[in-house]
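S.K.: kindly return the folded structure for what I paste below:
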Amino acid sequence: MQHISLNRQLFITPSKLVCIGRNYVEHIHELGNDIPDDMVVFIKPNSAINTQLNSVHLQQALHYEAELCFLVENGQFSAVGLGFDLTKRHLQSQLKSKGLPWERAKAFNGSAVFSDFVSINQLDQGCDSHHWCFSLTINGKLSQLGHSQLMIYSTSDIFSGISDFLTLENGDIVMTGTPKGVGEVVSGSIFELTLWQGIEYQSEQQLIEDIANTKPIIKQQWLAV
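M.R.: Here you go, the predicted structure:
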């Protein structure tokens with residue numbers, strides 16, 4: 001079984017990864033999809049977890065989707081992290097066109113890569129813990145910028161919506177969807193995910209200015225292979 005790290009010392013073994021699709025309007029538009037009437041939910045198995053960021057799987061190119069993620073414990077989101085939902089975009093498009101499930105394009109071995117997770121109760125309680133901002137840079141250039149206020153479904157909506165039909169067990173991870181800016185993973189590129197807490201969203205330019213002057217709670221790099 002694969003595991004993730006918590007507070008850089010504990011190793012947690014998720015039973016499953018519960019993923020939210022189409023949760024950012026601009027990402028929906030960039031892929032030419034329709035805004036769904038209901039929350040889009042799909043599952044990745046434990047075997048999807050990997051520490052290495054791959055650019056290819058079974059000779060098929062992989063696309064990155066950076067996401068805000070939460071670890072479940074005792075019936076709540078107890079820790080926060082960042083992750084990549086790696087996707088076989090061409091195969092996904094073929095499956096969608098036929099009305100088929102996405103597992104072959106989304107749930108393959110190595111299709112989920114995570115940062116370290118940080119316990120929410122260890123963070124600055126003076127911050128608004130409902131405001132999460134994250135970025136992905138590739139070779140130092142900003143590729144994705146996300147904020148929890150831009151999500152169609154809030155973190156509380158996501159937790160309750162999943163719990164309506166599926167038991168979230170201790171150690172499970174919820175991936176909350178990706179903002180605009182997805183693309184192909186290029187081998188040799190340096191991917192860096194960064195997470196900030198307590199920055200309110202007003203505009204994209206304001207976010208860029210604020211994160212430049214705010215200490216992050218997570219910053220982690222991967223070399224794509």
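S.K.: which helices and strands does the longest strand that the chain contains pack with?
M.R.: Longest strand of the chain, by residue count under DSSP state E: strand 76-85. Packing partners of strand 76-85 (3 or more Cβ pairs under 8 Å, 6 or more residues apart in numbering; DSSP states H and E): strand 66-73, strand 112-114, strand 118-119, helix 155-163, strand 173-175, strand 190-197, strand 218-223. No exception for glycine: its C-beta is placed from N, CA and C like everyone else's.
S.K.: what lies in contact with the least confident helix or strand in the chain by mean pLDDT?
M.R.: Sorted by mean pLDDT, DSSP states H and E, the helices and strands of the chain end with helix 25-30, the least confident at a mean of 73. Helix 25-30 is contacted by residues 22, 34-35, 150, 152, 177-182 when judged by Cβ atoms under 8 Å, 6 or more residues apart in numbering.
S.K.: tell me the helix or strand right after it.
M.R.: strand 40-45 (DSSP states H and E).
S.K.: got the CA positions of that next one in PDB?
M.R.: Extracted C-alpha coordinates of strand 40-45, given in PDB (Å, rounded to 0.1, in the frame of the first residue of the first chain):
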ATOM      1  CA  VAL A  40     -18.500  15.700 -10.400                       C
ATOM      2  CA  VAL A  41     -16.900  13.000  -8.200                       C
ATOM      3  CA  PHE A  42     -14.500  10.200  -9.200                       C
ATOM      4  CA  ILE A  43     -12.200   7.900  -7.300                       C
ATOM      5  CA  LYS A  44      -8.500   7.000  -7.500                       C
ATOM      6  CA  PRO A  45      -7.300   3.900  -5.700                       C
END
